[in-house]
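Asker: this one's structure only:
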């Protein structure tokens, strides 16, 4: 895809991690990782947010459609 459309200023100098080479004819692909929600939450500034810590997953007995926090 188009890195600029995702807000990636310089594909060869990532803000996190190490740059990878993109060969001619290859199309870069992107996926969310642990840093993605942290940045989204930081920018959105919600009243409350539930996320994870590296190596840990949030597990709850509250059903996602219950609306309870």
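Answerer: Alright, I've got the coordinates. These numbers come from a predicted model, not from an experiment.
Asker: for residue 61, see how far away the residue in the chain sticking out farthest from the centre is.
Answerer: In the chain, the residue that sits farthest from the middle, by C-alpha atoms, centre = their mean, is residue 24; the gap is 26.1 Å. Going from residue 24 to residue 61 by C-beta to C-beta, to the nearest Å gives 51 Å. (Each C-beta comes from the backbone N, C-alpha and C, glycine too.)
Asker: over to residue 40. Which of the three states is it?
Answerer: Classification of residue 40 by DSSP: H, G, I helix; E, B strand; the rest coil places it in helix.
Asker: now the helices for the chain?
Answerer: 35-44 (DSSP state H).
Asker: where does it dip in pLDDT?
Answerer: 1, 32, 54, 66-69 (pLDDT under 70).
Asker: swap in 80 and give it another go.
Answerer: Counting by pLDDT under 80, the chain has low-confidence residues at 1, 6, 16-17, 30-37, 50-60, 62-69.
Asker: for the residue positioned nearest the centre of it, give its distance to residue 25.
Answerer: Taking C-alpha atoms, centre = their mean, the centroid of the chain lies closest to residue 36, which sits 1.7 Å from it. Look at residue 36 and residue 25: by C-beta to C-beta, they are 27 Å apart.
Asker: again with residue 58
Answerer: 40 Å.
Asker: higher neighbour count, the two?
Answerer: With neighbours defined as other C-beta atoms under 10 Å, residue 58 and residue 25 compare such that residue 58 has more, 8 against 5.
Asker: contacts only, for that one.
Answerer: 50-52 (C-beta atoms under 8 Å, 6 or more residues apart in numbering).
Asker: rerun that using 7 Å as the cut-off
Answerer: By C-beta atoms under 7 Å, 6 or more residues apart in numbering, the contact set of residue 58 is 50, 52.
Asker: do you know how far it is from residue 34?
Answerer: From residue 58 to residue 34 the distance is 12 Å (C-beta to C-beta).
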